[in-house]
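Colleague: My questions are about this predicted structure, shown below with the sequence.
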Amino acid sequence: MPYIVHIGDCCPNGMLLWIYLMFGEISAKAAHMLSLPKVLDFFTRLIQRVSPKSYQQAFGEVYVTQKFLENFCGDQVRFLARSFAVPGNHLGQQSHGFRWPYGPVAIITPFNFPLEIPVLQLMGALYMGNKPVLKVDSKVSIVMEQMLRLLHTCGLPLEDVDFINSDGKTMNKLLLEGNPRMTLFTGSSRVAEKLAVDLKGRVKLEDAGFDWKILGPDVHQEDYVAWVCDQDAYACSGQKCSAQSLLFMHENWSKTSLLSKLKDLAERRKLADLTIGPVLTVTTDSMLEHVNKLLEIPGSKLLFGGSPLENHSIPPIYGAIKPTAVYVPLEEIMKDKNFELVTKEIFGPFQVITDYQNSQLAVVLDALERMHNHLTAAVVSNDPLFLQEVIGKSVNGTTYAGLRARTTGAPQNHWFGPAGDARGAGIGTPEAIKLVWSCHREIIYDFGPVPKNWEVPPST
Ligand SMILES: NC(=O)c1ccc[n+]([C@@H]2O[C@H](COP(=O)([O-])OP(=O)(O)OC[C@H]3O[C@@H](n4cnc5c(N)ncnc54)[C@H](O)[C@@H]3O)[C@@H](O)[C@H]2O)c1
């Protein structure tokens, strides 16, 4: 059972100063170590062993983590805790706003980014002066175990982080008994909602993603847009919370060869280099069952995929299907009896594709409004009025806009997280770290002097 210290209770801001200096140094050393080709390659391959993805995708995860650490070298950690002062009403009075640690906190992370999500959230928690207990999905926790050893070598005190390997049930019990002041949960909406109740709302959430992309009326760069669609839907075998789940194609795009290009790109993916591979949390049968249910909707059709991968030894507890796309007509998606089915997150290489006419943009916007998860989105268009219309009437926390818009591949340099939910967390940037890992505290200094001629006034 990890020992949780209530440091938020006992540390005035001044006492935390050395922590800021120390974490600036640890980040510099860890960033340097992760940049060494041997270390970079070690972590890339270690990620591949437990969370099957191509070398390039796993490398991207290590690269983003390394850049994040570079961002918080030197005085950058200290600057995260910048405070402000406002003059008061009389001499000796002034109010100071501080970013204050919560103290004992917990971090729970999923299987699909075994390094990036835990490192970015863990360091954010530490930078803001908290004492975290970290639980990574046990299927992949060896990656973070190795990373913690690297951080210890770079100067992280052994007692600053508690690391637990357990199943979800045990962690749930630990949270109820340990009573952390704040828990950051990244994972499925099912567990997120349970923890929100169990922990009486003391949570911040990065939960499921059912992410959409809209191709606007202006058609350009067909090959490029098809390639981005393929990457967004099928890289990491679709096991990204930002994966493209629903593509709305303007009728002008339907007249192009976009879909056949997308099909060709999806079909060149192969198990040998893990550009398509095992799905860790959804079986082949349940993915194909979902496809079949969608195909019962009138007007729907299989565009490509829809069958199991062949010639492999992936155990049946995992999923293994070819990159798959099902077309469903927009009018059918909008029917109450179909909407939930069509917008269900399938954490595998699967997407729904539909098309819309100019006159149906309001229907598309209505569909976006009805979805529960508002994580990532992309509006592929260089028409400013079209972009304005869609962005103004949607809410996704990380929305890419413009011809090169994508849904996946968030780097360390911009915010990543949902919007439209008071519990929504973020990751990566100074704003995300401050929002998730600190609370606001106001101290109003009022030293006096009391005016010389002051007399006790009448009661009020
Ligand atoms: N929004 C984001 O930034 C983000 C990022 C990655 C993944 N995800 C989402 O995560 C999901 C896939 O990941 P998963 O299958 O590992 O999710 P999951 O919810 O099953 O598990 C996530 C983590 O929670 C733990 N857990 C499970 N039950 C628990 C409980 N009762 N109490 C405490 N901890 C518990 C698991 O052991 C794991 O470490 C997808 O829905 C995906 O969209 C979201």
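Modeller: Perfect, I can see it now. Numbers count the residues shown, from 1 in each chain.

Colleague: need the longest helix for this structure.
Modeller: Criterion DSSP state H: the longest helix present in the chain is helix 17-35.

Colleague: ok, then the element right after it?
Modeller: The helix or strand immediately downstream of helix 17-35 is helix 37-50, counting by DSSP states H and E.

Colleague: quick one: is the helix or strand that that next one is followed by near the ligand?
Modeller: For helix 37-50, the following helix or strand on the C-terminal side (DSSP H and E) is helix 55-71. No. Using CB under 6 Å from any ligand atom, helix 55-71 never reaches the ligand; the gap is at least 11.6 Å. Using the backbone N, CA and C atoms, a C-beta is placed for each residue, glycine as well.

Colleague: What is helix 55-71 packed up against?
Modeller: Applying 3 or more CB pairs under 8 Å, 6 or more residues apart in numbering; DSSP states H and E, one finds that helix 55-71 makes contact with helix 17-35, helix 37-50, helix 116-127.

Colleague: if you set the cut-off to 10 Å instead, what comes out?
Modeller: The contact analysis (3 or more CB pairs under 10 Å, 6 or more residues apart in numbering; DSSP states H and E) places helix 55-71 against helix 17-35, helix 37-50, helix 116-127, helix 142-153.

Colleague: List the buried residues in the helix or strand containing residue 292.
Modeller: Per DSSP H and E, residue 292 falls inside helix 284-295. Of the residues in helix 284-295, 284, 287, 288, 290, 291, 294 count as buried by neighbour count, 16 or more other CB atoms under 10 Å.

Colleague: what about the first one, distance to residue 51?
Modeller: What that stands for is residue 284. Distance of residue 284 to residue 51, given as CB to CB, to the nearest Å: 18 Å.

Colleague: if we can go back for a sec, got the contact list for the helix holding residue 292?
Modeller: 238, 278-279, 282-283, 300-302, 305-309, 314, 316, 318-321, 324-328, 332-333, 338, 341-342, 344, 346-350, 352 (CB atoms under 10 Å, 6 or more residues apart in numbering).

Colleague: per-residue confidence averaged over that helix?
Modeller: Taken as a whole, helix 284-295 has a mean pLDDT of 98.

Colleague: quick one: which of the contacts of helix 284-295 sit in helices?
Modeller: Applying DSSP H to the contacts of helix 284-295, the entries found in helices are 332, 333, 338, 341, 342.

Colleague: And the buried ones among those residues, selectable in PyMOL?
Modeller: Here is the PyMOL command that selects the buried residues among these (16+ other CB under 10 Å):
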select buried, resi 332+333+338+342
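
Colleague: Model confidence score at the nearest residue to residue 333 once chain neighbours are set aside, please.
Modeller: In this structure, residue 333 finds its nearest non-sequential neighbour in residue 342, 4.9 Å apart by CB to CB, 6 or more residues apart in numbering. Each residue has a pLDDT score; the one for residue 342 is 98.

Colleague: where's residue 342 relative to the ligand, distance?
Modeller: As judged by CB to the nearest ligand atom, to the nearest Å, residue 342 and the ligand stand 17 Å apart.
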